[in-house]
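J.: Quick one, what's the 3D model for this:
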Amino acid sequence: MLSEEKGLTGSFDPKTGKNIKWTAQLGTETHSTPIVAGGRIYVGTNNGAPRDPRHEGDRGVLMCFEEKTGNLLWQFVVPKREEDPYFDWPKTGMSSPVTVQDDRVYLTDNRGEVVCLDAQGMANGNDGPFRDEGAHMTPPKGFGSPPKPVPGAAIQPEPLHPPVDGTVLEAGPLDADIVWLFDLASGAGVWPHDGAHSSILIRGDHLYINTATGVDNTHKRIRAPNAPSLVVIDKRTGNLVARDDEHIAPDIFHCTWSPPSSGEVNGRPLIFLAGGNGVLYAFEAMMKSDQSVVSGQSSVVAGNSSETTDNQQRTTDAAVGRLKKVFQFDFDPTAPKKNIHQYLSNRREGPSNFYGMPVFYRNRIYLAGGGDVFWGKNEAWLKCIDATKTGDITTNALVWSYPLQKHVMSTPAIYNGMVFIADCGRAFHCVDAETGKPYWTEEIKGDAWASPLVADGKVYLGTRSGNFYVFAASKKKKVLASVELGNPISATTTAANGVLYVATMTRLYALQTGTNLKSVDDSR
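T.: A predicted model of the protein is given here:
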């Protein structure tokens, strides 16, 4: 959560247009952090304000804008899962940020499909091997009228099937170009919940992805107990290469939303995952390419029974490798470990889980977690963990623990010996990275779903009340600016090429010192 950009603005005014270079309309819900690469900006949203009349109704949408102007270059439009609304929650759109390398864009979309997209869209033709973009963006027959959830019903996630007797849409210049696609539900036995959220990690030829597997619509049952929480996919082919073997799924309280991170400990490359069971894991990074027979959405076909799910998981398990665990750290060791779903909606006691990412810095892991923001206890912490230990390090690796207010969804930002973290108790904290002692705390308006970004000696943070803050990145508290944008902010601020990018639910702002745009109406 640290950028080397300089010369960034410390204030802006949407009423006068001061320091606003341009804005772009998004959907009506935007939870995805904007990513800038190769002269393009990628941000996930929903279809609340359609850019293409062919796509009406609820969809997940990834928009690709031109960096200089904010003009829309292309979009990746994906029908919602409609087997059960808890597989792909209505109106939430495309929540995951993309990861870009060269001309390839990697994303976990709203259906829990891992996709590789061509950064140029269809402008340079349809790159293979995937050729069915039109069919993929065509909703099934009867789309738009999902059945009401039947609590406890064993409704299985299924691959996208376009209408057999209907006409599929034709991909055009405004559409995305899919290079390959892997469906985590049908290909890896994952049970999606609410909405996939994964920031894909690239190391060598491999993609490391948290699977967003979770509970069913009762929030008290794990339908896919053998599902992986972390998978490895070959970035060139989309083949499933490896998975964790920690049997995390039965102890997931809600879902697996914390993305993996990476670091080298004494020359040993490790992958870190904060599991949905409240445990931090470290795995050895894969060093060699491994071609797996499990590939694409058709490798294993999902059915309509739990027996089919078990069969597909066994098929997957037999075909892929296992990641080697280096250590595990129970983030909340005194929390209940058995029958955890009985603590649903208990704000006093229960298990912990994670939303933000583990941050590796100087052989330590900085991680925020605690009671689930929607269903769990009102208790959360920022903890510092010694990453040089091995085995079960719960009792010997904790360096310090700092209590937070209520729940936490942010990833901590580390800069110049300070750790910055925001929580859902409407507080922003600056603590000493070495000792965990607080330097200062500031009350903020609204819960923080976004993470703080440190850049150019400042800390940028948006809140769910629509307030945007700029703090000095210093050990003494100083609020440089507070701007009311009037729309909730879930996304983390991005800095690139002297410009700040701030996404509210409905609009993307490009902020640059010295620019002046006419006033912006962001009231819808």
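
J.: Let's see the helix or strand hosting residue 76 as PDB, backbone CA atoms only.
T.: Here residue 76 is covered by strand 72-79, with elements defined by DSSP states H and E. As requested, the backbone C-alpha atoms of strand 72-79 are provided in PDB (Å, rounded to 0.1, in the frame of the first residue of the first chain):
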ATOM      1  CA  LEU A  72     -14.000   4.000 -22.400                       C
ATOM      2  CA  LEU A  73     -11.900   1.600 -24.600                       C
ATOM      3  CA  TRP A  74     -13.700  -1.700 -23.900                       C
ATOM      4  CA  GLN A  75     -15.600  -3.600 -21.200                       C
ATOM      5  CA  PHE A  76     -15.800  -7.100 -20.000                       C
ATOM      6  CA  VAL A  77     -19.500  -7.900 -19.400                       C
ATOM      7  CA  VAL A  78     -20.400 -11.100 -17.500                       C
ATOM      8  CA  PRO A  79     -23.900 -12.400 -16.600                       C
END
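
J.: buried residues in that strand?
T.: Buried residues in strand 72-79, counted by 16 or more other Cβ atoms under 10 Å: 73, 74, 75, 76, 77, 78, 79. All C-beta atoms are positioned from the backbone trio N, CA, C, and that covers glycine.

J.: Can you name every helix or strand that that strand contacts?
T.: Packing partners of strand 72-79 (3 or more Cβ pairs under 8 Å, 6 or more residues apart in numbering; DSSP states H and E): strand 59-66, strand 113-118, helix 133-137.

J.: So for residue 443, which of these sits nearest?
T.: Proximity of the helices and strands packed on strand 72-79 to residue 443 was assessed by Cβ to Cβ; the nearest stretch is strand 59-66, lying at 34.0 Å.

J.: which residues sit in contact with the residue located most distally from the centre of the chain?
T.: When distances to the mean C-alpha position of the chain are computed (Cα atoms, centre = their mean), the maximum falls on residue 165, with 35.6 Å. Contact criterion Cβ atoms under 8 Å, 6 or more residues apart in numbering gives residue 141 as the residues in contact with residue 165.

J.: among the helices and strands of the chain, which has the poorest mean pLDDT?
T.: Here the helix or strand of the chain ranked lowest by mean pLDDT, DSSP states H and E is helix 306-319, holding a mean of 52.

J.: re earlier: same list (the buried residues of strand 72-79) but as a markdown table, adding pLDDT and distance to residue 353.
T.: Putting the buried residues of strand 72-79 into a markdown table (pLDDT from 0 to 100; distance: Cβ to Cβ, whole Å) gives the following:
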| residue | pLDDT | distance to residue 353 |
| --- | --- | --- |
| 73 | 98 | 37 |
| 74 | 98 | 35 |
| 75 | 98 | 32 |
| 76 | 98 | 29 |
| 77 | 98 | 31 |
| 78 | 97 | 26 |
| 79 | 95 | 29 |
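
J.: want to throw the helices and strands packed on strand 72-79 into JSON lines with distance to residue 26?
T.: Converted to JSON lines, those look like this (distance: least, Cβ to Cβ, whole Å):
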{"stretch": "strand 59-66", "distance to residue 26": "7"}
{"stretch": "strand 113-118", "distance to residue 26": "18"}
{"stretch": "helix 133-137", "distance to residue 26": "19"}
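
J.: Do a quick rundown of the strands in the stretch 401-524 of the chain.
T.: 413-415, 418-422, 427-432, 438-443, 453-455, 458-462, 467-472, 479-484, 494-496, 499-503, 507-516 (DSSP state E, counting those that start in this stretch).

J.: what about those strands, which gets the closest to residue 247?
T.: Closest to residue 247 of the strands of the stretch 401-524 of the chain is strand 418-422 (Cβ to Cβ; 30.4 Å).

J.: Now do that closest one, average pLDDT.
T.: Averaging the model's pLDDT scores along strand 418-422 yields 98.

J.: pLDDT at residue 182, what is it?
T.: Per-residue pLDDT puts residue 182 at 98.

J.: Same check on the one 3 residues further on?
T.: Predicted confidence (pLDDT) at residue 185: the value is 97.

J.: give the contact list for it.
T.: By Cβ under 8 Å, 6+ apart, the residues touching residue 185 are 111, 112, 157, 158, 159, 191, 192, 302.

J.: And the very next helix or strand once past the least confident helix or strand of the chain, what does it pack against?
T.: Helices and strands here follow DSSP H and E; after helix 306-319, the next one along the chain is strand 321-322. Contact analysis of strand 321-322 by 3+ Cβ pairs under 8 Å, 6+ apart lists strand 240-243 as its packing neighbours.

J.: Need phi/psi at residue 95.
T.: phi -90, psi -20 (degrees, to the nearest 10).

J.: what separates stretch 208-224 from the chain centre, distance-wise?
T.: Here stretch 208-224 shows a centroid-to-chain-centroid distance of 15 Å under the convention Cα atoms, centre = their mean, to the nearest Å.

J.: wait, isn't residue 348 in contact with residue 377?
T.: Yes: because the distance of 5.9 Å satisfies Cβ atoms under 8 Å, residue 348 is recorded as touching residue 377.

J.: And those two? Which one has more around it.
T.: For residue 348 versus residue 377, the count of surrounding residues by other Cβ atoms under 10 Å is larger for residue 377: 21 against 9.

J.: which residues sit in contact with the more buried one?
T.: Contacts were defined as Cβ under 8 Å, 6+ apart; by that measure residue 377 touches 343, 346, 347, 348, 349, 350, 352, 370, 371.

J.: which of those residues has the most neighbours?
T.: Note: the member of these with the most neighbours is residue 370, at 30 neighbours, neighbours being other Cβ under 10 Å.

J.: Okay, and the beta partners of it?
T.: residue 353, residue 380 (DSSP bridges).

J.: Need the pLDDT of it.
T.: The score at residue 370 is 98. That number is its pLDDT.

J.: State the distance from it to residue 402.
T.: In this view, residue 370 and residue 402 are 11 Å apart by Cβ to Cβ, to the nearest Å.

J.: joint contacts of these two?
T.: With Cβ under 8 Å, 6+ apart applied, the overlap between the contact sets of residue 370 and residue 402 consists of residue 381.
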